[in-house]
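Asker: Quick one, structure for this:
(4 chains, ligands or ions: 4)
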Amino acid sequence: MAKLNMVQAINLAMHQEMAKDTDVIVLGEDVAVDGGVFRLTEGLLDKFGAERVLDTPLAESAILGTSIGMAMAGLKPVCEMQFSGFAFLMMGQFEAHATRMRSRTHGQFTVPLVIRMPYGGGVRALEHHSESREATYAHLPGAKVVTPSSPRNARALLVAAIRDPDPVVFMEPKHSYRAFREDVPDEEEVMPLGKAQVVQEGTDLTLVSWGAMMRPALKAAAEVEKKHGTSIEIIDLLTISPLDSDTVTESVSRTGRCVVVQEAPRSFGVSSEITARINDKAFLYLEAPVKRLTGYDVVMPYFGREKSYIPNAPRVVHAIEETLNF
Amino acid sequence: MAKLNMVQAINLAMHQEMAKDTDVIVLGEDVAVDGGVFRLTEGLLDKFGAERVLDTPLAESAILGTSIGMAMAGLKPVCEMQFSGFAFLMMGQFEAHATRMRSRTHGQFTVPLVIRMPYGGGVRALEHHSESREATYAHLPGAKVVTPSSPRNARALLVAAIRDPDPVVFMEPKHSYRAFREDVPDEEEVMPLGKAQVVQEGTDLTLVSWGAMMRPALKAAAEVEKKHGTSIEIIDLLTISPLDSDTVTESVSRTGRCVVVQEAPRSFGVSSEITARINDKAFLYLEAPVKRLTGYDVVMPYFGREKSYIPNAPRVVHAIEETLNF
Amino acid sequence: MPRKQIAKFSVQHLSILDENGKLDAKLEPKLSEDDLLEMYRWMRLARELDERMLKLQRQGRLGTFPPNTGQEAISIPVALAMKEKDWFVGAFRELGGRLVRGEPLTSTLYYYNGWEEGNVLPDKELRILPISVVIGCQIEHAAGLAWAGRYKGEDSATVCFIGDGGTSEGDFHEGLNFAAVWKLPVVYIVQNNQWAISIPRESQTASETIAQKGIAYGMPCLQVDGNDPLAMHVAIGEALDRARKGEGPTLIEAVTYRLMMHTTADDPTKYRTEEEEKCAWEKEPLIRFNKYLKDKGYWDDAREEALRGEVKAQVEEAVKEFESPKDWPQDSPFKQVFGTEHKVIAEQHRDFLANVAREADHG
Amino acid sequence: MPRKQIAKFSVQHLSILDENGKLDAKLEPKLSEDDLLEMYRWMRLARELDERMLKLQRQGRLGTFPPNTGQEAISIPVALAMKEKDWFVGAFRELGGRLVRGEPLTSTLYYYNGWEEGNVLPDKELRILPISVVIGCQIEHAAGLAWAGRYKGEDSATVCFIGDGGTSEGDFHEGLNFAAVWKLPVVYIVQNNQWAISIPRESQTASETIAQKGIAYGMPCLQVDGNDPLAMHVAIGEALDRARKGEGPTLIEAVTYRLMMHTTADDPTKYRTEEEEKCAWEKEPLIRFNKYLKDKGYWDDAREEALRGEVKAQVEEAVKEFESPKDWPQDSPFKQVFGTEHKVIAEQHRDFLANVAREADHG
Ligand SMILES: Cc1ncc(C[n+]2csc(CCOP(=O)(O)OP(=O)(O)O)c2C)c(N)n1
Ligand SMILES: Cc1ncc(C[n+]2csc(CCOP(=O)(O)OP(=O)(O)O)c2C)c(N)n1
Ligand SMILES: [Mg+2]
Ligand SMILES: [Mg+2]
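Answerer: Ligands and ions are numbered 1, 2, ... in the order given. Modelled structure (predicted):
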C-alpha cells in the first residue's frame, strides 16, 4: 500500500502488467526514452527494454494502425496519444478497424488494445490540449471508453483494460494526474469495465459524474449536505461505454432527482445519454427534470478563459439546489 | 418547377450557386470528369471548367485541408467525401481547424465551406458505406450539420449551406437519392439552417426524425392515424446542429408524447439529445417517456443483414402505439 | 550554381517476359514445369471466377464488386512465393492471391453478397486479413503484423497490397515510414493499374514513378511489369529474402492495368477511351504466359481446353455452394460487438428479436 | 542482375557561410549593407524576445511555449524574401518570421499566455496564419491558400513551415502530393532541428535526408544549412521564383538544431547530452552572421551594443504592453462559435453570465 498520484498509479499498472504478460507492448510518441511528456511511462524502457517499449515517429494514425496489426497477431499493445486533441488523426483507423475487426470477422480476429490519452482542461495548456471528447468514442459501437477519476481506480481500470478482449479508449483526466494522492495496494487490483460505482449512498438526489469532474461533484455534494442536510447518492461512471445506466436509473428510481456533471460541451454529450436512459427506465419516479451541468457548446477557449468555462463546485451546488427546489 | 429526385435537386443547387458566385469551387474524388460516383456533380465540369471543378487525389484529409485553406482565402469550397465512412480520415482537419478557425481568430479568419457526404444504409453497399454518424459531427462546436430528407429541401438547404458563413457538414441520405421525386422550383429557393420543420400538425403525439428516416416515419404516422384516428405532429429536424429543439419541445408541450426515429446506433446519438432537451423544456408536460426508435448499438452489419437493423415503418408504428398506450 | 551533391538515387524497372511473350533469357527464373503450370492454373481460376462474378452481379445474384481481371500476374506469383507463417494483407484487388493462400472461392462470393461470413477463414492461421475497404489503413496493419512476427521470433514476413490511388493517402506514408524506421520484414506492393476509379495515374501524383516513393523512407524500391508473372516472381523473391534476412521493407510498384470497370457500379466510358482499353488488353498477362508455356513445350491447346473446363467446374461448384440455403442468423451482430457481455447490448438484442418476430408474423 | 534504370535523382546541399563564418564567395548573394543589417537586426530581436519569454515563463508570468533560439536564420530570411500578397503559414517555431511579416511582439505573448487575442492580426492582409498546434495540418492549408491565390490571379506565393517530426504525419504527405499534382505556387520548408521532443531525427525517418522526401511527389528539393542566413536567402529566392513563374512547389530542408528545451515543460537532459548541445551552440547562426558582417566592415562591437540595447527596449515595451490590464471579456467564445445567431447558444450565454456573476458575488 503506497500513497500514489494518478501518474504513478497508471505507471504502476503498466509496470505490473508488462511484468506479468510479455504480450503487452507500450508504444507512442516520447513514451520510451523520455518516459512520456507527463511521465506516465517512466521507467518502462529501463525495465522492459526497447523491444517492448517503443518510441514511434510522429504519426497518430500509424500508432493506432500498427497497434491494430500487433493486436491481430496476438499481442496487447498499449499505445499513447500524447494528447486527446491529436487523437482525431487516428479516427479513421479507430472507426474502420479497431471497433470493427471483431464483428467483421465474427470474432476470428480481434483487437485487444488500449489507447491511453490525457484529456480535459484546467492545466493552462495550449490549444487542443484541453478538450473532453469521450462522447465521440462512445457513440461508435465496438470499443470501450473508460474514464478513471482517482489514482486507485485508474490503476485498477487500466489493468482491466489491458486484459480486456476489446479495444479500450482509456481517457486520463490530466487535471487529476498530480492533483491528489490515494492509497494504492501494491498487490494486483482489478475493477470491472462497464460498471459504475456508487461512491456514496443517499436518498434525496443522485449526482452522476466521471473523470476530473468527480472532484467538484464531491466537493459540492459535501457542501450541500452540510448546508441543507440533504442526502446525496454519488455515482462515478468510470466506464462511459458500454454505459452502466442501470446503476444510475436504479438510484434515480429511489431519489427521484438527478444532476449530471460533465466537462464536455453539453449537446450530444454523455449527460444527454444518461438523461435519455433515465427517461427510459425511471420516468415515473422523476420529481424534477434531470439537470445537465456541463461545459458549453462553444469551442474550448484558450486557458486565459478556461476556468470560467469548466464546471466547478459552486455551479454544481447551484444545480443541485435548483433540482432539489424544483 | 420540375419533378426532380434528390440527386438532381442537389446537382441543381450546385449549378445555380456556381453560376451565381465564382467563389464557389467544387472538389473531391471523381467529382469532375466522372461527375461523382452517385452523379451528384454531373455536368459541373462542362459548365464551369476544370478551374472550378477539381478532381483530387485520393486523400480525404487533404480534400478538407486544402478546402480550409481556400476558404480562409475567401473562396467557398464545396468538397465531397465520397462516402461518409471515409470522412473519419479528415476528422483531424475538421475538429482542429474547420470548427475552430473562427473562434481561434475571433472571427478574423473563417472557414465558409460545405462538406457533402452520402450517408446511411439500405442500398446494399459494401462495408463502411452505410453508417449514420451525424452525432459525431454535431457534438463538436463550430460546425453545422444538415440532413435533408427530400429533393426540395435538399436543394434549398444546400443553397443555404453554401452561403452560410460557417463550415457545414451536409449529410445526404443516399437511400433517398433516387427513391422519389418532388417538385423543385427552378427559381432560387433557400431554407434557413438551424430551423426544424413541422411537416404535419397534430395533437396526440410528436414524431421527430430526419434524413432517410422521414419516410418510414411518415408512412407509420399515416398508418397509425388511419388505424386509431390519432393526430400526429411530425417534425423534420433538417438541421442537426445547431439543433432547433424549441420546435420539438413546443410541440411536445402540447402533445405530451414523443417518438424520435433515428437510423444511427442509439447510445450517444441525436435522439438522446432530443430526449434531454425535452426533459429540460417540456418535463411537466410529458405523459409518457420519450421513445427513441433507433438503430442498435452494434457495428452496422453488411447488407445481408442491414434490412433487419434499420428502423422501418412497422417498428415506428409499434413505437407510436407503445407511447400512446403508456 | 554549384552545390554539393549529398545523395543519389535511381529507380530500376524489371521485365522478363514482355507483352509479346518475348523472354529475356538471362533473367528467366528457374521455375519447374509444375511450378509454372500451377501458377498458370491459379491465374485461369481467378480469371474464371472474376468473369463468373460479373455475370452473377449483372443477374442480380451478387452485390457490387471490383473485378480483378488483368491483375492476376501480381498477387498470384506473390502468394505462391509466400511461406505458411507469412501474413497476406490485401486491399481489394488480390482475388488470385487470396485463393492461392487458401481462402475458399465461396468466401469472396459471400463477402460481396453482404455476409461477414465471407471474412471468416477456414483456419485463422491462413493469415489472410479481410479486405480493407478504407484505403490505406492496411499499410499500417501490415507494419504491426510484421513487427509482431519479429517480436515473437517467427520466421514470418508480411506482404501488403495497395493501389496507385491508395499511395495518396496519409496512412500509406505513415505506415511505410514506420516500416522503414523499424526495419520491418514487410513487402509493400502497389498495384499500379493506372486508374483510381476515374482518376488517371498522372493526376494522382506528379512523381515519374510510384516506386520512387520508397526513396522518401530510405526504402529500397523497384518497378516491375505487373503483367509479367516471371518478373513478379523474381521481384517478390528478392524482397522476401531481404525481409527474412532482417534487411527491412521493400516497395514494389507493379505496373498493370484495370481492364474492367472500377466496380460493377462504375461506367469507365465516362472517363477513358475504348482505344486505351484495347491496347491494354493486348498486354494482359494470361496471353503472354500461355504463349511462354507453349514455347517451353509445357502447354498446348488441348490442355488449355481441359484446364478451362476444370476451373469452370470448380467455380460452378463454388457458386452452387454459395447459393445453397444458409441458416446464418440475423442477430449475430449482437454477439460480435464486444467480447464480453453487457446488459445494454443484451436488452437491445431482445428488442431486436421481438421486432423481427413481429415482422415475421405480419409477413 | 541487370535491370533497366528508368529514373535518377539526387539531392543537393547548399551552404554559403559556414559555422566559422567562412564565406563561399562565388555563392555569396548580392545583398546590400542595409538588407544584411536589417536581417541581423530581426535575428537579434527574435533572440531577445525568445530569451525574455523564457524568463517570463520561469517567473510564472507566461504560459508554456516552444523556444525558437537557434532557428532565427530560417524564418527570418524567408519572411524578408516574401512579398505583401504572399501567405506565411507557420508551424510554431517561426517567431522571427512572424515578426518580420508584421505580427506585433505582443501577439506572441498574448498567445502563449492563453488568449486568442494573440491570433488576431492588426490587419488580416498581413496574411499570417495562426500557429498550427496540430502538427501537419498546415501543409494542406498552405496548398489551399496557394490554389486560391492562383485562382484569383493574385501574384501571391505561399510559404509553409513544418518540423522534421512533422514530416511523419499523413497530412505532410497528402498536402505535398496535392501541391505537386496541382503545380501550386508554394514553398515548403522543413526546419530539421534534429529533434521532435525526445525523438532524434534518425528515429523519425530512415531516409538519408529529409529533402529527398520531395522525390516522392516529383517535387524539386534542396537541403540547406539552416543556420546560414545567406544560404537560406538564396534558397528561398529560387523557390519563390519557381512558384511565381508557375513552375510549382519546392521542398527545402533547412538543417538546424533545437538549442533549447522542446517547450518550457520539457527536460532535454532526459534524452540528449550536454556535449551534443555544446557542439550545436558553436554552429548557431548569430555568431557566424555577426562575424560575417564585421568581416565586411558593416558591423562592430559598438553597434552591436547599441543594437542589443534597442531590441531589449523594444521587447521591454512589448512586455509592458502585454502585462497592462485588459478588458477582454470572458464570454467572447459565445460570439465566436458561429457566424450566425442561434437560440441554444444564446441561452447558454445567458447561463454563463449568470454563473460568472454568482461566482463574482460569492467572491
Ligand atoms: C479512404 C477511402 N476513400 C475513398 C474510397 C472510395 N474508393 C474505393 S476504391 C477507390 C479508388 C482506388 O484506386 P486505387 O487505389 O488505384 O485501387 P484500384 O481501385 O485501382 O485497385 C476509391 C476512391 C475508399 N474506399 N477509401
Ligand atoms: C498531431 C500532433 N501530434 C503530437 C503533437 C505533440 N507535439 C508537439 S511538438 C511535437 C514534436 C514536433 O517535432 P518537430 O515536428 O520536429 O518540430 P519541433 O518541435 O522540433 O520544432 C509533438 C510530438 C502535436 N502537437 N500534434
Ligand atoms: Mg488503381
Ligand atoms: Mg524538430
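
Asker: Stretch A:283-299: which residues count as buried?
Answerer: A:283, A:286, A:288-299 (16 or more other CB atoms under 10 Å in any protein chain shown). C-betas here are computed from N, CA, C, even on glycine.

Asker: tell me the mean pLDDT over it?
Answerer: Taken as a whole, stretch A:283-299 carries a mean pLDDT of 98.

Asker: Nearest to chain A within the stretch 101-250 of chain C, name that residue for me.
Answerer: Residue nearest to chain A within the stretch 101-250 of chain C: C:Gly144 (2.1 Å; CB to the nearest CB).

Asker: which residues of chain C fall in helices?
Answerer: Using DSSP state H, the helices assigned to chain C run over residues C:33-58, C:72-81, C:95-101, C:105-112, C:137-151, C:170-181, C:201-204, C:229-244, C:274-282, C:285-295, C:301-323, C:332-336, C:343-361.

Asker: now for the ones you listed, which one comes closest to D:Leu17?
Answerer: helix C:170-181 (32.8 Å; CB to CB).

Asker: The closest one - contacts with which helices or strands?
Answerer: Counting contacts by 3 or more CB pairs under 8 Å, 6 or more residues apart in numbering or on different chains; DSSP states H and E, helix C:170-181 packs against helix A:60-72, helix C:137-151, strand C:186-192, helix D:170-181.

Asker: want to try a markdown table for the ones you listed, with mean neighbour count, mean pLDDT and distance to A:Cys258 as columns?
Answerer: What follows is the helices and strands packed on helix C:170-181, written out as a markdown table (neighbours: other CB atoms under 10 Å in any protein chain shown; pLDDT from 0 to 100; distance: least, CB to CB, whole Å):
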| stretch | mean neighbour count | mean pLDDT | distance to A:Cys258 |
| --- | --- | --- | --- |
| helix A:60-72 | 31 | 98 | 35 |
| helix C:137-151 | 29 | 98 | 41 |
| strand C:186-192 | 29 | 98 | 52 |
| helix D:170-181 | 30 | 98 | 43 |
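
Asker: Including distance to ligand 3 and secondary structure, could the buried residues of stretch A:283-299 go into a markdown table?
Answerer: Below are these laid out as a markdown table (distance: CB to the ion, whole Å; DSSP: H, G, I helix; E, B strand; the rest coil):
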| residue | distance to ligand 3 | secondary structure |
| --- | --- | --- |
| A:Phe283 | 55 | helix |
| A:Leu286 | 58 | coil |
| A:Ala288 | 60 | coil |
| A:Pro289 | 56 | coil |
| A:Val290 | 53 | coil |
| A:Lys291 | 55 | strand |
| A:Arg292 | 49 | strand |
| A:Leu293 | 52 | strand |
| A:Thr294 | 47 | strand |
| A:Gly295 | 45 | strand |
| A:Tyr296 | 46 | coil |
| A:Asp297 | 43 | coil |
| A:Val298 | 44 | coil |
| A:Val299 | 39 | coil |
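
Asker: Let's have the residues you listed in CSV, adding distance to C:Met39.
Answerer: Listed next are these as CSV, based on distance: CB to CB, whole Å:
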residue, distance to C:Met39
A:Phe283, 67
A:Leu286, 71
A:Ala288, 75
A:Pro289, 71
A:Val290, 67
A:Lys291, 70
A:Arg292, 65
A:Leu293, 68
A:Thr294, 63
A:Gly295, 62
A:Tyr296, 65
A:Asp297, 61
A:Val298, 63
A:Val299, 58
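
Asker: Give me whichever of the helices of chain C is most buried.
Answerer: helix C:170-181 (a mean of 30; mean count of other CB atoms under 10 Å in any protein chain shown).

Asker: Just the angle for it relative to helix D:170-181, thanks.
Answerer: 110 degrees (axes from the mean of the first three to the mean of the last three CA atoms, to 10 degrees).

Asker: Could you pick out the longest strand of chain C?
Answerer: The longest strand of chain C (DSSP state E) is strand C:4-14.

Asker: would you put the C-alpha positions of that one in CSV?
Answerer: What follows is strand C:4-14, C-alpha atoms only, in CSV (Å, rounded to 0.1, in the frame of the first residue of the first chain):
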residue,chain,number,x,y,z
LYS,C,4,27.3,19.7,-53.0
GLN,C,5,25.5,16.6,-54.1
ILE,C,6,24.8,14.7,-50.9
ALA,C,7,22.6,11.8,-52.1
LYS,C,8,21.9,9.9,-55.3
PHE,C,9,19.0,7.5,-56.1
SER,C,10,17.7,5.6,-59.0
VAL,C,11,14.7,3.5,-59.9
GLN,C,12,15.0,0.3,-61.8
HIS,C,13,12.4,-1.5,-63.9
LEU,C,14,12.2,-5.3,-64.2
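
Asker: Report the buried residues of it.
Answerer: C:Ala7, C:Phe9, C:Val11, C:Gln12, C:His13, C:Leu14.

Asker: so what's the residue in the stretch 1-150 of chain C that ligand 1 sits nearest to up against?
Answerer: Ligand 1 sits closest to C:Ile135 of the stretch 1-150 of chain C, with a gap of 3.7 Å, by CB to the nearest ligand atom. Taking CB atoms under 8 Å, 6 or more residues apart in numbering or on different chains, we find C:Ile135 in contact with B:Leu58, B:Phe86, C:Ala91, C:Ile162, C:Gly163, C:Gly165, C:Gly166, C:Glu169.

Asker: from the residues you listed, which is closest to D:Phe334?
Answerer: B:Phe86 (33.4 Å).

Asker: Next one: that closest one from B:Tyr119, what distance?
Answerer: Using CB to CB, to the nearest Å, B:Phe86 is found at 11 Å from B:Tyr119.

Asker: Fine, thanks again, bye for now.
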